[in-house]
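K.L.:
Structure, please.
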Amino acid sequence: MTIEELRDKHTIRIIGVPMDLGASRRGTDMGPSALRIAGLGARLRGIGFNVAREEDIPVPAMETRSLEDSNARYKPQILEVCTELAERTRNILDEGDFPLVIGGDHSIAMGTFSGVSSHFHEQNEKIGLIWFDAHGDMNIPETSPSGNIHGMPLSHLLGKGDPDLSGILGFAPKVDPRNVAIIGLRSIDALERRIINESGIKALTMRDIDERGMARVACEALEVVNDGTAGFHVSFDVDGCDPSVIPGSGTLVPGGVQFREAHLLMEYCADAGTMTSLEIVELNPFLDHKNISAERTLELILSAMGKSIL
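P.N.:
Numbers count the residues shown, from 1 in each chain. Coordinates of the predicted model:
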C-alpha cells in the first residue's frame with residue numbers, strides 16, 4: 001500500500017502508554033506527553049492524515065504497587081497493561097485503521113506487537129518485525145542482570161521466557177524469528193548474546209551500518225520482514241540513535257545511529273508500502289534538553305509516515 005493509499009483509506013489512531021514499570025530509570029511515562037507537546041497529532045494532519053481522538057492505556061504508578069518478583073519486576077502490572085494494549089491494537093487493525101503507539105518503556109512492545117500479530121494470525125498470515133534498538137532486549141527472567149522487563153520483550157514475542165508474558169492473547173510465538181531484524185545493535189548482556197545467536201533473527205549491528213551504510217542495511221532488513229509476510233511492524237527505541245541525536249533516554253549507548261541515517265531507515269519503511277503499525281519507546285523527557293529529543297523523534301515518525309524532502 002502506498003502512502004497516498006494509507007492517507008486516503010486509513011485513520012491514524014494514536015495510543016499513549018505512559019509506562020515506566022519496566023525500566024530502572026523513571027520518566028518514560030512522560031514520553032507520550034513530550035510527543036504531544038511537540039505537536040504529533042497536528043503534524044500528522046499537516047501531511048494529510050486523518051487522526052482520530054488520541055487515547056491512553058491506564059498504567060499504575062510504581063509507588064502504588066509492591067515488587068513481587070525481582071527477576072521480572074512488576075510483572076503482574078506490566079502483563080495487565082500489555083494485555084489491554086494488545087486488545088486495543090488488534091481492534092484498531094480489525095477496524096482498518098493504523099495504530100501508532102507512543103510510550104513508555106520497551107516492555108509495551110509485548111502488548112503492541114501481540115495485538116498486531118493476533119490480527120494477522122486470525123487471517124492465517126504472518127507479520128514481520130523491525131526492532132530498532134541499541135540493545136537486544138532478548139533477556140529472559142533467568143538471565144536478566146536487572147530484572148527489568150524492558151530488556152526482555154523481544155524474547156517473549158519469540159515465545160521464550162515467562163509463559164504469561166509470551167502467551168498474551170493466547171498464543172505464542174508472535175513472530176517467526178526468520179522475519180525479525182534488529183537494527184542498531186551495540187549493547188548486549190553476556191548471557192543475552194547466546195540467546196541472540198541461537199534465535200535465528202537477523203541482527204544488524206552498528207558495525208554492519210558502519211561497513212555497508214544504512215541504505216543497504218535497511219534494504220536487507222526489509223527483505224527479512226517482508227519475506228512471506230502480510231507486512232511488518234516497526235518498534236523504534238529512541239536509544240538506537242546516538243545520544244548526540246536523542247539525549248532524552250535512560251539507557252544511552254554512545255556510537256549509535258545518526259539523525260540522517262535514522263531518517264533514511266524510516267523513509268525506506270515508508271517506501272516499502274507494507275508497514276502495518278509503528279511504536280515509539282524509551283523517550284524520557286526528564287533526561288532531555290528543552291524537549292529536543294521529542295521534536296527530533298517526531299520528525300522521524302513523519303518520515304516513517306511518508307513525509308519527504310520533495
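
K.L.:
Next, give phi and psi for the most centrally placed residue in the chain.
P.N.:
The centroid of the chain falls nearest to residue 235 when counting by CA atoms, centre = their mean (2.2 Å). Residue 235 has phi and psi values of phi -110, psi 110 when expressed as degrees, to the nearest 10.

K.L.:
which ones are touching it?
P.N.:
Residue 235 sits next to 106, 109, 112-113, 129-133, 279, 281 when contact means CB atoms under 8 Å, 6 or more residues apart in numbering. In this view, the C-beta of every residue, glycine as well, is placed from N, C-alpha and C.

K.L.:
go with 7 Å
P.N.:
By CB atoms under 7 Å, 6 or more residues apart in numbering, the contact list for residue 235 reads 109, 113, 129, 131-132, 279, 281.

K.L.:
Checking residue 102 next. Helix, strand or coil?
P.N.:
Here residue 102 is recorded as strand under DSSP: H, G, I helix; E, B strand; the rest coil.

K.L.:
Report the separation between it and residue 141.
P.N.:
In this view, residue 102 and residue 141 are 27 Å apart by CB to CB, to the nearest Å.

K.L.:
okay, these two: which has more neighbours?
P.N.:
residue 102 (27 against 19; other CB atoms under 10 Å).

K.L.:
Backbone torsions only: list them for the spatially closest residue to residue 294 that is not a sequence neighbour.
P.N.:
In space, and not counting its chain neighbours, residue 294 is closest to residue 34: 3.8 Å by CB to CB, 6 or more residues apart in numbering. Dihedral pair for residue 34: phi -60, psi -40, per degrees, to the nearest 10.

K.L.:
Residue 34 - how many residues pack around it?
P.N.:
Neighbour count for residue 34, taken as other CB under 10 Å: 24.

K.L.:
swap in the one 10 residues further on?
P.N.:
A count of nearby residues for residue 44, using other CB under 10 Å, gives 21.

K.L.:
Check residue 98 too.
P.N.:
Applying other CB under 10 Å, I find that residue 98 has 23 neighbouring residues.

K.L.:
Surely it touches residue 10?
P.N.:
Yes - in terms of CB atoms under 7 Å, residue 98 counts as a neighbour of residue 10; the distance is 4.7 Å.

K.L.:
Run through the stretch 151-300 of the chain and note the low-pLDDT ranges.
P.N.:
Applying pLDDT under 70 to the stretch 151-300 of the chain picks out no residues at all.

K.L.:
show me where it has helices.
P.N.:
Per DSSP state H, counting those that start in this stretch, the stretch 151-300 of the chain carries helices over the ranges 153-157, 163-166, 190-199, 206-226, 259-272, 292-304.

K.L.:
ok so, going back, give me the distance between the residue nearest to residue 294 and residue 228.
P.N.:
37 Å.

K.L.:
Kindly report the same for residue 21.
P.N.:
In this view, residue 21 and residue 228 are 35 Å apart by CB to CB.

K.L.:
and residue 306, what helix or strand is that in?
P.N.:
Residue 306 is part of no helix or strand, with elements assigned from DSSP states H and E.

K.L.:
ok so, going back, would you format the helices of the stretch 151-300 of the chain as CSV with mean neighbour count and distance to residue 244 included?
P.N.:
Formatted as CSV, these follow (neighbours: other CB atoms under 10 Å; distance: least, CB to CB, whole Å):
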stretch, mean neighbour count, distance to residue 244
helix 153-157, 30, 26
helix 163-166, 18, 34
helix 190-199, 15, 26
helix 206-226, 18, 14
helix 259-272, 20, 9
helix 292-304, 21, 11
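
K.L.:
So which of the ones you listed is nearest residue 27?
P.N.:
Closest to residue 27 of those, according to CB to CB: helix 292-304, at 11.4 Å.

K.L.:
Now do the closest one: which elements does it pack against?
P.N.:
Helices and strands touching helix 292-304, by 3 or more CB pairs under 7 Å, 6 or more residues apart in numbering; DSSP states H and E, are helix 31-37, helix 40-46, helix 259-272, strand 275-281.

K.L.:
Which elements pack onto the first one?
P.N.:
In this structure, helix 31-37 makes packing contacts with strand 98-103, helix 292-304, judged by 3+ CB pairs under 7 Å, 6+ apart.

K.L.:
chain center to it, what's the gap?
P.N.:
Relative to the chain's own centre, helix 31-37 is displaced by 16 Å; criterion: CA atoms, centre = their mean, to the nearest Å.

K.L.:
So which bits of that helix are buried?
P.N.:
Of all the residues in helix 31-37, those buried under the rule 16 or more other CB atoms under 10 Å are 31-36.

K.L.:
Make a markdown table out of those and add pLDDT and distance to residue 158.
P.N.:
Shown next, in a markdown table, are these (pLDDT from 0 to 100; distance: CB to CB, whole Å):
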| residue | pLDDT | distance to residue 158 |
| --- | --- | --- |
| 31 | 98 | 25 |
| 32 | 98 | 27 |
| 33 | 98 | 31 |
| 34 | 98 | 30 |
| 35 | 98 | 28 |
| 36 | 98 | 32 |
